[in-house]
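Asker: Turn this into a structure:
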Amino acid sequence: MRFKTIKLPEATGERSGYCASASTCTNTSTDINTNAKHNNETVNLLILGDSAAAGVGVNQQKQALAGQLPPLLTKQHSLTWQLVASSGLTSTNIIQQLTLLPTQKFDLVLVSVGVNDVTHFTQQAQWAENISHLATILTTKFSADKVLFSSVPPMHLFTALPQPLRWWLGLRASKLNALMASVLVDLQQHSSVQNTDNQGVNKHTNKCAVLTVDLPFKPEYLAKDGMHPSTLAYRVWAKQAAEQFNEWLNTDHHKNKNHTNPKRYKQKKRVS
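Answerer: Modelled structure (predicted):
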């Protein structure tokens, strides 16, 4: 199958940019640095992972995840985004990429990982360790406020794969998904215990979650290699990821607003 499967290139185009609004996105590094520096409301987004994150299946990054997700996150904030992804990366390889990336602040991170761990037979214990390590390094070294791990796609629906290989890889993908969810729940519970104050109040917010993308997997949702997303699939993926991120951003925005204007809030409450 490795020899028979069509090898598609990564999408071409810029791998970083700045969006002041959904209609004004730029890929000019000068604009990114200048605008972000003078805007305290700027959100920093990292898209991280494998060939799907890198845009394999479409021609241009504007058709891929990195092109379609950032404009959906600019309702209340400007946004800088960065893409760190490459074809063939396993969870171990992605960790190695992060160790080489300079320390910086990312508010939001979307991770695409797992397909190569399925096909390269990553052991379940190693997978669990890697997911835990990824979550930890993203929330510590990069101070990520919210990390979405996209679930491993249902590989039993990849038309490029013959049976029974398709069924078997789909089963492995399902097992890795269940393990990923379990690891992130355990991390949340452990962090909740560590972040409980003397009054028993839990100060922890769930920073990591699994995003299960709801796709019909009709032919038009797959690239011509029968494995990677098409432009339509990237659009659905970006929309569903944006819904999760925007929900968090809206909640955080209201919390900060009420916290910074407590007197004004109370005064309005008495008048009403």
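
Asker: Burial check on Ser143, number of neighbours?
Answerer: 13 (other CB atoms under 10 Å). The way it works is simple: take the backbone N, C-alpha and C, and place the C-beta from them, glycine included.

Asker: Next, it: secondary structure please.
Answerer: With DSSP: H, G, I helix; E, B strand; the rest coil as the basis, Ser143 sits in coil.

Asker: Quick check, it in contact with Val109.
Answerer: No: with contacts counted by CB atoms under 8 Å, Ser143 stays clear of Val109, the gap being 10.4 Å.

Asker: list the contacts for Ala242?
Answerer: 69, 72-73 (CB atoms under 8 Å, 6 or more residues apart in numbering).

Asker: With just CA atoms, put stretch 212-223 into CSV.
Answerer: Coordinates of each C-alpha in stretch 212-223 appear next as CSV, following Å, rounded to 0.1, in the frame of the first residue of the first chain:
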residue,chain,number,x,y,z
THR,A,212,-14.1,14.8,17.0
VAL,A,213,-14.7,16.2,13.6
ASP,A,214,-18.1,15.2,12.2
LEU,A,215,-17.6,14.3,8.5
PRO,A,216,-19.9,12.2,6.3
PHE,A,217,-16.8,10.9,4.4
LYS,A,218,-18.5,11.0,1.0
PRO,A,219,-16.2,11.0,-2.0
GLU,A,220,-16.2,14.8,-2.2
TYR,A,221,-14.7,15.0,1.3
LEU,A,222,-11.6,13.1,0.4
ALA,A,223,-8.7,14.1,-1.8
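
Asker: Which positions within that stretch qualify as buried?
Answerer: 213, 215, 221-223 (16 or more other CB atoms under 10 Å).

Asker: what's the model's confidence in it, averaged?
Answerer: For stretch 212-223, mean pLDDT rounds to 91.

Asker: Need the residues that contact that stretch.
Answerer: With contact meaning CB under 8 Å, 6+ apart, stretch 212-223 is reached by 8, 56-58, 150-151, 153-154, 157-159, 177, 228-230, 232-233, 236-237, 240-241.

Asker: which of these count as buried?
Answerer: 8, 56-58, 150-151, 153-154, 157-158, 177, 228-230, 232-233, 236-237, 240-241.
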